[in-house]
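Chemist: A structural model of the following input is requested.
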Amino acid sequence: MEHEVFVPVPAERLREVLDDPARVARAVPGLQQDAGAEPVAGRLKIRVGSHSVTYRGAVRVSRRGDDAYAVEGEAEESRGSGSVKLSLRIALRAAEDGCTVVYDGTASADGRIKDLPADAVESAVTRLLNRFAEHLAAAATGADDGVPPPPPPSGQGTGTVAEGADPGLTEEPPASPERPSVFGADVPPSSLGPEAREDQEDQEDIAEAAHARRTMIGRSAEEVDHAPPRGRYAPVPAPQTVTPPAPLRWAAPAAALVVASAIVAVRALRRRR
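Modeler: Predicted structure coming up:
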């Protein structure tokens, strides 16, 4: 791969940064240094499109001539079996109002990053090199003076102050005065009229219905089907029907049977006469 980045900083100032491994480590974007390890060693997360891969490894920077540096690095995936090897040459070419950082090298990788699209990987590497050059320029101009190096991962702190860091930054900040809480204040009586109260009640009903819908999220289909709504959307129970007692229920059929029997008896008597 080949890539060039222009920075508005003289080449001499960039050489001073590249000759200091600690400043180089601070210039690597997103690097989390390991305590007690090499200056340029730790974890680095690379975002490729919508994916991210975290590597743990080390990089060695050595000077080759007056205007070139050799970068050799190896890293492995923190969650996986993939690895990556990097062999890069950084050259500083003088330009008007600054210099051009020229990258030239090769890299080989396997694992998760190998399954990602090639154009997305190339875009992620280009973005990383651009930000590295910008951080080198910021370090050369003194923009990072007084800024402590990136903190080590949790559980690996050494408890010592980093060299070149401001001791005042390690002191505990003064406790801020307690502010009065608004939760203990008395709520004044409402001065809303009847119409405003009705609108407020409607808003409360809507909020209650929304809360009922939110509480149904995550339940099973059977629970949602059988969970009745609450508030103003609750079902109204059907009116209870009054059933007559058992004797009255059989009175009408018995009366109809008596009337029918009387009619049959009258007709039979008429025929005999």
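
Chemist: got the buried residues for stretch 57-75?
Modeler: By neighbour count on 16 or more other C-beta atoms under 10 Å, the buried set for stretch 57-75 is 57, 59, 61, 67, 69, 71, 73, 75. Quick note: C-beta positions are derived from backbone N, CA and C, even for glycine.

Chemist: Nearest residue to the last one in space, please, no chain neighbours.
Modeler: Okay, so that is A75. G57 (2.6 Å; C-beta to C-beta, 6 or more residues apart in numbering).

Chemist: how far away is the closest residue to A95 other than its chain neighbours from T100?
Modeler: Excluding its sequence neighbours, the residue lying closest to A95 (C-beta to C-beta, 6+ apart) is F6, at 6.3 Å. According to C-beta to C-beta, to the nearest Å, F6 and T100 sit 5 Å apart.

Chemist: Check the burial of T126 by counting its neighbours.
Modeler: 14 (other C-beta atoms under 10 Å).

Chemist: Report the separation between it and K114.
Modeler: For T126 relative to K114 (C-beta to C-beta), the value is 18 Å.

Chemist: what does A268 give?
Modeler: Counting by C-beta to C-beta - A268 and K114 are separated by 108 Å.

Chemist: okay, those two: which has more neighbours?
Modeler: More crowded of A268 and K114, by other C-beta under 10 Å: K114, with 12 against 9.

Chemist: Kindly list the main-chain dihedrals of V259?
Modeler: When read as degrees, to the nearest 10, the backbone of V259 gives phi -60, psi -40.

Chemist: D97 and P8 touch, don't they?
Modeler: Yes - using C-beta atoms under 8 Å, D97 is in contact with P8, at 5.8 Å.

Chemist: Now tell me what touches stretch 76-84 from outside.
Modeler: If you take C-beta atoms under 8 Å, 6 or more residues apart in numbering as the criterion, stretch 76-84 is touched by 43, 53-57, 74-75, 107-114.

Chemist: The residue nearest to A75: what secondary structure?
Modeler: Of the three states, G57 takes strand under DSSP: H, G, I helix; E, B strand; the rest coil.

Chemist: which residues sit in contact with it?
Modeler: 41, 44, 73-76, 84 are the contacts of G57 under C-beta under 8 Å, 6+ apart.

Chemist: Mark which of those residues are part of strands, please.
Modeler: 41, 44, 73-76, 84 (DSSP state E).

Chemist: Looking at those residues, spot the one nearest Q240.
Modeler: Nearest to Q240 among the ones in strands among the contacts of G57 is L44, at 73.0 Å by C-beta to C-beta.

Chemist: so what's the closest one bridging to?
Modeler: Beta-bridge pairing for L44 (DSSP bridges): L31, Y55.

Chemist: and it, how many residues sit next to it?
Modeler: So L44, with other C-beta under 10 Å, has 20 neighbours.

Chemist: for the one 10 residues further on, same thing?
Modeler: Using other C-beta under 10 Å, the number of residues around T54 comes to 15.

Chemist: Which residue ranges of this protein form helices?
Modeler: For the chain, the helices defined by DSSP state H occupy 11-18, 21-27, 118-140, 194-216, 221-226, 246-249, 251-272.

Chemist: Relative to V28, how far out is A139?
Modeler: From A139 to V28 the distance is 11 Å (C-beta to C-beta).

Chemist: So between the two, which is more surrounded?
Modeler: More neighbours surround A139 than the other of A139 and V28, with 23 against 19 (other C-beta under 10 Å).

Chemist: pLDDT at the more buried one, what is it?
Modeler: If you check A139, the pLDDT there is 91.

Chemist: Which residues are in contact with the closest residue to it other than its chain neighbours?
Modeler: Nearest residue to A139, sequence neighbours excluded (C-beta to C-beta, 6+ apart): V17, at 4.7 Å. By C-beta under 8 Å, 6+ apart, V17 lies in contact with 23-24, 27, 136, 139-140.

Chemist: same deal with R63?
Modeler: Shown in contact with R63 (C-beta under 8 Å, 6+ apart): 18-19, 69-70.

Chemist: So which of the residues you listed are in strands?
Modeler: Among the contacts of R63, the members falling in strands (DSSP E) are 69-70.

Chemist: Among the contacts of R63, give me the pair with the biggest separation.
Modeler: Among those, the pair separated by the greatest distance (C-beta to C-beta) is D19 and A70, at 13.0 Å.
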